[in-house]
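Colleague: Compute the structure for the input listed below.
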Amino acid sequence: MIAENVKVSILGTISDNLYSARVSQNGAPTKSAYVVSRKKADDYFDGIVVAVAEFEGLNEERMIIARCGEIYYEPELRRLLTKLKHIKLKSIRCLYEKSCGAIIFYKTKQNTRILLVKNNNGRYWSFPKGHIEEGETEQETAIREIKEETGLDVTITPGFREISEYCPFGRIRKKVVFFLARAFTDNVKIQEEEIASYIWVDLQQARKMCTYDNDLRIIEKAEITIHLMKP
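Modeller: Residues are numbered from 1 along each chain as shown. Just a heads-up that it's a prediction; the model follows:
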């Protein structure tokens with residue numbers, strides 16, 4: 001259902017930016033849904049399924065619909081859905097996902113190494129990152145996720161912010177904001193629930209181990225910034 005186009009009929013207003021609705025698609029019977037909108041919703045419009053949610057007490061999942069072109073991430077959707085009375089959100093899967101992380105480097109007089117991690121459900125080396133939570137800034141998310149996944153305290157390098165966007169499996173649209181973060185120790189304590197393994201490598205080796213073009217581009221930008229920094 002996620003990312004599918006639907007025709008929407010508004011039934012009523014639940015609160016600002018949240019509506020009850022019926023939706024239809026490809027001639028199938030109409031279904032109950034919720035609409036999120038940053039301005040007053042039209043009574044009828046063509047929308048897109050930006051999330052699918054499961055609620056306590058309801059037998060089936062409900063689609064969350066928005067106008068085409070409006071982007072909603074999970075924290076905002078969760079906040080809007082708290083306006084529903086007498087039903088509680090159990091789980092939600094979103095079309096748009098936003099994460100924040102960092103290229104972590106450890107610099108000594110001898111060399112500079114960066115930290116690569118491999119997630120428990122992943123096959124490729126990349127950088128620590130995680131989903132943004134309600135009320136957090138991008139940098140706060142990156143620092144929290146780094147601490148949780150690696151045990152490292154880091155400082156964010158000003159002026160470095162790179163975005164990686166991709167669509168795994170052709171539907172979910174992921175946006176990852178990467179910062180450059182300096183660690184002052186290489187003593188990593190991984191979060192075993194999330195991270196399968198880690199390794200400190202020099203920048204040349206990092207290029208060999210990372211396979212995605214976005215990661216290679218970010219490594220190149222990081223190397224330029226690191227070389228301009230004082231020891």
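Colleague: Pretty sure Arg113 sits against Asp186.
Modeller: Yes. Counting by Cβ atoms under 8 Å, Asp186 is a contact partner of Arg113 at 7.2 Å. (Glycine included, C-beta is placed from N, CA and C.)
Colleague: More neighbours: which of these two?
Modeller: In terms of neighbours (other Cβ atoms under 10 Å), Arg113 is the more surrounded of Arg113 and Asp186; the figures are 20 against 12.
Colleague: Name the nearest residue to that one, sequence neighbours excluded.
Modeller: Trp200 (4.3 Å; Cβ to Cβ, 6 or more residues apart in numbering).
Colleague: where does that neighbour fall, phi/psi-wise?
Modeller: Dihedral pair for Trp200: phi -90, psi 130, per degrees, to the nearest 10.
Colleague: how about low-confidence regions in the protein?
Modeller: Along the chain, segments meeting pLDDT under 70 span 169, 230-231.
Colleague: could you redo the last one with a cut-off of 80?
Modeller: Applying pLDDT under 80 to the chain flags the ranges 25-29, 121-122, 168-170, 230-231.
Colleague: okay, which residue is most central for it?
Modeller: Lys98 (2.3 Å; Cα atoms, centre = their mean).
Colleague: residues contacting it?
Modeller: Under the criterion of Cβ atoms under 8 Å, 6 or more residues apart in numbering, the neighbours of Lys98 are 73, 131-132, 174-177.
Colleague: Dump those to JSON lines, plus distance to Gly12, secondary structure and neighbour count.
Modeller: Listed next are those as JSON lines, based on distance: Cβ to Cβ, whole Å; DSSP: H, G, I helix; E, B strand; the rest coil; neighbours: other Cβ atoms under 10 Å:
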{"residue": "Tyr73", "distance to Gly12": "25", "secondary structure": "coil", "neighbour count": "19"}
{"residue": "His131", "distance to Gly12": "31", "secondary structure": "strand", "neighbour count": "16"}
{"residue": "Ile132", "distance to Gly12": "31", "secondary structure": "coil", "neighbour count": "23"}
{"residue": "Lys174", "distance to Gly12": "33", "secondary structure": "strand", "neighbour count": "13"}
{"residue": "Lys175", "distance to Gly12": "32", "secondary structure": "strand", "neighbour count": "16"}
{"residue": "Val176", "distance to Gly12": "37", "secondary structure": "strand", "neighbour count": "22"}
{"residue": "Val177", "distance to Gly12": "37", "secondary structure": "strand", "neighbour count": "19"}
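Colleague: those strands in the chain, which residues are they?
Modeller: 5-15, 18-24, 31-36, 44-55, 62-67, 89-94, 96-107, 112-119, 129-131, 154-156, 162-166, 173-183, 195-202 (DSSP state E).
Colleague: Return the most buried member of those.
Modeller: Scoring the strands of the chain by mean neighbour count under mean count of other Cβ atoms under 10 Å gives strand 62-67 as the most buried, with a mean of 24.
Colleague: domain ranges for this structure?
Modeller: The record's domain parsing of the chain by automatic domain parsing lists 5-94, 97-227.
Colleague: what about Leu81, neighbour count?
Modeller: Leu81 has 21 nearby residues by other Cβ under 10 Å.
Colleague: tell me the contacts of the nearest residue to it once chain neighbours are set aside?
Modeller: Closest residue to Leu81 apart from its sequence neighbours, by Cβ to Cβ, 6+ apart: Leu89 at 5.1 Å. Taking Cβ under 8 Å, 6+ apart, we find Leu89 in contact with 53-56, 78, 81-82.
Colleague: Noted, bye for now.
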